[in-house]
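Undergrad: Next one to model:
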Amino acid sequence: MIHRSAEETLRRLTAQFPIVAITGPRQCGKSALAKTVFPDKRSVSFDDRAMKELAMANPADFIAAFPDGAVIDEAQKVPNIFDALKMHVDSSEFTPGKFILTGSSQFRLRQNMSDSMCGRAAFLKLLPFSVKELKDAGKLPDNPYDVIFGGQYPPLRDPEKRVIPQDWYESYLDTYLDLEVREQINTSNLPSFRKFIRICAAHSGQLLSMDSISREAGVSAPTIKKWLSILEGSFIIHFLEPDTGSLSRKPVKTPKLYFTDSGLLCHLLRIASKEELLLSRHKGIVIETFVIAELLKRRVNSGKAPQLSFFRDKYGFEVPAIADWNHPFAMEIASRHAPDEKLAGNARRYAGLREDCEVRSAVFYLGDISMTINGTSYVSWKDWESFIS
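TA: All right, here's what the predicted structure looks like:
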């Protein structure tokens, strides 16, 4: 079994709060994480229609049936359960970590919990496996493209399941549309939504343009805005916000759209193999998507806000990732396997232009050796999380 970096964070939160919610995309390992930390807790899922109907009919009695607490999967599907949980927690002896909720829709889960559980609950985000998690488990391939193309969802990294990524992702999309999207949009729009997801894949790594996506999808801009919120709320995509306050160089103020798993992105872009990826015009964006996802995982696994942005000004000067962590970093992203001092040009320039603090420069690349050249860290893809730490 692959140890999850978020396990320590979950233990920390469940030592303080009676309710902890784990959010993340379907099949990322939320339930497995909860059961690893709490193997003796009873577990129920509201994907089970019978359980869902029981909870909806009488939420107070449903919660009372678990005096020692429980792991409740897809809790957002029964909104009334949250008031019942609040009443149960308020009327019972304080017990940290009593109920663990999981959900693949962060917006619906957080909205329901924020309305009724202020101060009683904590949130933990979980994404698919990180490179470090695979490396620590001895399951990291030597070739980075095996990870980038193959994806990092747990079922894809289980050798006993022997799944083919393209088949798995197609099934994953079908399940996602049926269990997540169908409840939030008109059923007749599901084919259009599937087309919309593929269009978004072609826009990964680009400045968000709802007008462009709207034209390509043949759907109104307000609808596109709603659909983007569904993808973001279910962790299929992430919006990387621009750094607008550090330099007075007329920065762009539009976020970038990224997918949270490079394997899913390859599938949506109809890239059929890692060899095809190597020759694809999308290779740079896929690798950039991979890196941004790894940076996000390191932060959310530790229960911290991403505090990650990018910089671009109207003159075309750009740095793909700006990390405002313990020490600010300007990060370049390269698809090369060998370090090259020229790759750090924009990161060094950005660091030199910042007058409010000292900024370090780094280049994330696909080589096997990490090193420092003229003050810039060139970080191997295998060492990204260690460097971030």
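
Undergrad: need the longest helix for the chain.
TA: As assigned by DSSP state H, the longest helix anywhere in the chain is helix 283-301.

Undergrad: Name the next helix or strand downstream of that one, please.
TA: For helix 283-301, the following helix or strand on the C-terminal side (DSSP states H and E) is strand 308-312.

Undergrad: contacts for that next one?
TA: The list of residues contacting strand 308-312 from outside it, by CB atoms under 8 Å, 6 or more residues apart in numbering, reads 207, 240-243, 246-247, 251-252, 256, 292, 295-296, 299, 317-324, 330, 350. From N, CA and C alone the C-beta is placed, and that goes for glycine too.

Undergrad: Can you list which of these are found in strands?
TA: The members of these that map onto strands under DSSP state E are 207, 240-242, 256, 318-324, 330.

Undergrad: Residue 40 and residue 331, how far apart?
TA: Plainly put, residue 40 is 43 Å away from residue 331 if you go by CB to CB, to the nearest Å.

Undergrad: quick one, which of those two is more surrounded?
TA: Applying other CB atoms under 10 Å to residue 40 and residue 331 shows that residue 331 carries more neighbours, namely 28 against 7.

Undergrad: Isn't that one up against residue 364?
TA: Yes. The pair residue 331 / residue 364 is scored as a contact, 6.1 Å apart, by CB atoms under 8 Å.

Undergrad: follow-up on the earlier one: which among the ones in strands among the contacts of strand 308-312 count as buried?
TA: 207, 240, 242, 256, 319, 320, 321, 322, 323, 324, 330 (16 or more other CB atoms under 10 Å).

Undergrad: can you pull the contacts of residue 18?
TA: Contacts of residue 18 by CB under 8 Å, 6+ apart are 89, 94, 95, 96, 97, 98, 99, 120, 121.

Undergrad: For the fourth one, which three-state class applies?
TA: Just to be clear, that refers to residue 96. In three-state terms, and counting by DSSP: H, G, I helix; E, B strand; the rest coil, residue 96 is coil.

Undergrad: Which stretches in the stretch 51-200 of the chain count as helices?
TA: According to DSSP state H, counting those that start in this stretch, the stretch 51-200 of the chain carries its helices in the segments 59-64, 81-91, 106-116, 131-136, 144-150, 165-176, 190-202.

Undergrad: Spell out which helix or strand contains the closest residue to residue 184 other than its chain neighbours, please.
TA: Nearest non-adjacent residue to residue 184, counting by CB to CB, 6 or more residues apart in numbering: residue 230, 5.6 Å away. Taking DSSP H and E as the criterion, the element that holds residue 230 is helix 221-233.

Undergrad: how about the CA coordinates for that helix, as PDB?
TA: Taking C-alpha atoms only, helix 221-233 is exported to PDB below (Å, rounded to 0.1, in the frame of the first residue of the first chain):
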ATOM      1  CA  ALA A 221     -20.800  32.300 -21.600                       C
ATOM      2  CA  PRO A 222     -22.900  32.200 -18.400                       C
ATOM      3  CA  THR A 223     -23.300  28.400 -18.900                       C
ATOM      4  CA  ILE A 224     -19.600  28.000 -19.500                       C
ATOM      5  CA  LYS A 225     -18.900  29.900 -16.200                       C
ATOM      6  CA  LYS A 226     -21.300  27.400 -14.400                       C
ATOM      7  CA  TRP A 227     -19.700  24.400 -16.000                       C
ATOM      8  CA  LEU A 228     -16.200  25.600 -15.200                       C
ATOM      9  CA  SER A 229     -17.200  25.900 -11.600                       C
ATOM     10  CA  ILE A 230     -18.400  22.300 -11.700                       C
ATOM     11  CA  LEU A 231     -15.100  21.100 -13.000                       C
ATOM     12  CA  GLU A 232     -13.200  23.200 -10.400                       C
ATOM     13  CA  GLY A 233     -15.500  22.000  -7.600                       C
END
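
Undergrad: any residues touching that helix, and which ones?
TA: By CB under 8 Å, 6+ apart, the list of residues contacting helix 221-233 reads 105-108, 180-181, 184-185, 193, 196-197, 200, 208, 210-211, 213-214, 217, 219, 237-239, 257.
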